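Q: Turn this into a model:
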Amino acid sequence: MKLFDYRRMRRHYEVKEITENQDTVLQYLDSEREQERLEQEREEQHPRGLRLLVMDLDGTLTNDEKRILPETKEALMRLQREGVRLVLASGRPTPGIMPLVHELQMDRFGGFILSFNGGMVIDAQTMTELHCQTLTPEEQRMIVEEARRDGHAPLSYKNGKIVCEAAGPDEYILEEARINRMDVVYTDDLLRELRDEEVVKLLVVGEPSRLAATEQAMQRLREMGVWAYRSQPFFLETVPAGIDKAESLKKLLAHLGMTPENMMAIGDGGNDLSMIRLAGVGVAMANSMPHVKEGADWVTTRDNNHDGVGEAVSRFFPELTLA
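A: I've put the predicted structure just below:
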């Protein structure tokens, strides 16, 4: 709201007799300044132009049981009805994200999926692939051979199922199946099973202390265009170099004709930090690692088991959540 200086008003309108009304005018101006202050405070709490809400899944959107809390779902459904579009950004494969996409009706409201940490970007409404970055057959071979050499089970994804080169289930394979709600198919030759597939990620699972040594050995693959890092002590992710949530979000924003100022991003892990820094409003969960909190604009007081996402939505979209 534009404020007018009292003295300029007096000169402009050639007010001759102002003394008796001066107190009234000053009180009016004070109230205008207070109104401006309140509007500025509301603007800080709810920056205008937020049209995209990007969320990590595990440790952010979902609780420790990998479920969306009812109160969180209610807040997100209200946002979508008001035109805010959702993006689910996760290291999970696309089939492992789809149950949450359907639960939030993102196919109806026009949301987006960033699977494999952004290695693939998909329009949830049309299931159109907007971006995909894959491992070459030679890169796949190097990864699988390194895993075999160290006695670990490599796995990937095909036809909505986990395909794993192992004789049978173990606790780490079953954990990947539980997280993604996917069945497991066992094979004696993973490379043969993945022939002609778009492979964005190979996951190597195994006992943490032994997997740490494999992670170190795989660092030599960086020169050949492969990144290897552990997302959990027992999960070693291998992806094409350059895969990053923020970089994929830049492509999505360009596709939508938006800028980072139109985006709010919420996460808890190290792989979320780039998108938190990119976003116009970057939010870290209360259960985030310290360096993630340091890189955020705001930190929730509630964790993923207590509707931290809902708290952030109420903070930055107050007029929608209170409607």
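
Q: Run through the stretch 1-150 of the chain and note the low-pLDDT ranges.
A: Counting by pLDDT under 70, the stretch 1-150 of the chain shows low-confidence ranges at 1-32, 34-48.

Q: how about the helices of it, start to end?
A: 6-13, 22-45, 70-81, 94-103, 106-109, 137-149 (DSSP state H, counting those that start in this stretch).

Q: Could you do the stretch 151-300 of the chain as well?
A: Going by DSSP H, counting those that start in this stretch, the stretch 151-300 of the chain shows helices at 171-180, 190-193, 208-218, 245-256, 273-278, 290-294.

Q: Same list (those helices) but as a markdown table, adding mean neighbour count.
A: C-beta coordinates here come from the backbone N, C-alpha and C atoms, glycine included. As requested, the helices of the stretch 151-300 of the chain are exported to a markdown table (neighbours: other CB atoms under 10 Å):
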| stretch | mean neighbour count |
| --- | --- |
| helix 171-180 | 17 |
| helix 190-193 | 17 |
| helix 208-218 | 14 |
| helix 245-256 | 18 |
| helix 273-278 | 23 |
| helix 290-294 | 14 |
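
Q: which one of those helices lies closest to Gly110?
A: Nearest to Gly110 among the helices of the stretch 151-300 of the chain is helix 245-256; the distance by CB to CB comes to 10.0 Å.

Q: to the chain's geometric centre, what's the distance from the closest one?
A: Mean-position distance between helix 245-256 and its chain equals 12 Å (CA atoms, centre = their mean, to the nearest Å).

Q: Report all helices and strands that it contacts.
A: strand 52-55, strand 85-89, strand 112-115, strand 120-123, strand 129-132, strand 263-267, helix 273-278 (3 or more CB pairs under 8 Å, 6 or more residues apart in numbering; DSSP states H and E).

Q: is it true that Val226 touches Ile243?
A: No - taking contacts as CB atoms under 8 Å, Val226 lies outside contact range of Ile243: 10.2 Å.

Q: Looking only at neighbour counts, state which of the two leads.
A: Val226 (23 against 20; other CB atoms under 10 Å).

Q: mind checking how far the more buried one is from Gln133?
A: Distance, Val226 to Gln133, by CB to CB, to the nearest Å: 12 Å.

Q: Mind listing the shared neighbours of the two?
A: Common neighbours of Val226 and Gln133, counting by CB atoms under 8 Å, 6 or more residues apart in numbering, are Pro240.

Q: got the helices of the stretch 151-300 of the chain as a markdown table, with mean pLDDT and distance to Arg33 columns?
A: Output for these, formatted as a markdown table (pLDDT from 0 to 100; distance: least, CB to CB, whole Å):
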| stretch | mean pLDDT | distance to Arg33 |
| --- | --- | --- |
| helix 171-180 | 95 | 53 |
| helix 190-193 | 96 | 68 |
| helix 208-218 | 94 | 59 |
| helix 245-256 | 97 | 37 |
| helix 273-278 | 97 | 35 |
| helix 290-294 | 95 | 35 |
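
Q: Dump the ones you listed into a markdown table; add distance to Glu311 as well.
A: A markdown table is the format used below for the helices of the stretch 151-300 of the chain (distance: least, CB to CB, whole Å):
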| stretch | distance to Glu311 |
| --- | --- |
| helix 171-180 | 24 |
| helix 190-193 | 42 |
| helix 208-218 | 33 |
| helix 245-256 | 22 |
| helix 273-278 | 16 |
| helix 290-294 | 15 |
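
Q: So for Pro95, which of the helices and strands packed on helix 245-256 sits nearest?
A: strand 112-115 (8.6 Å).

Q: Quick check: can you name the pairing partners of that closest one and their directions?
A: strand 85-89 (parallel), strand 120-123 (antiparallel) (DSSP bridges).

Q: Other residues contacting that strand?
A: 54, 85-90, 92-94, 96-98, 101, 106, 120-124, 130, 200, 245, 248-249, 252.

Q: Can you select the buried ones among these for me in ChimeraX?
A: What follows is the ChimeraX syntax for the buried subset of these, where burial is set by 16 or more other CB atoms under 10 Å:
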select :54,85,86,87,88,89,90,92,93,94,96,97,98,101,106,120,121,122,123,124,130,200,245,248,249,252
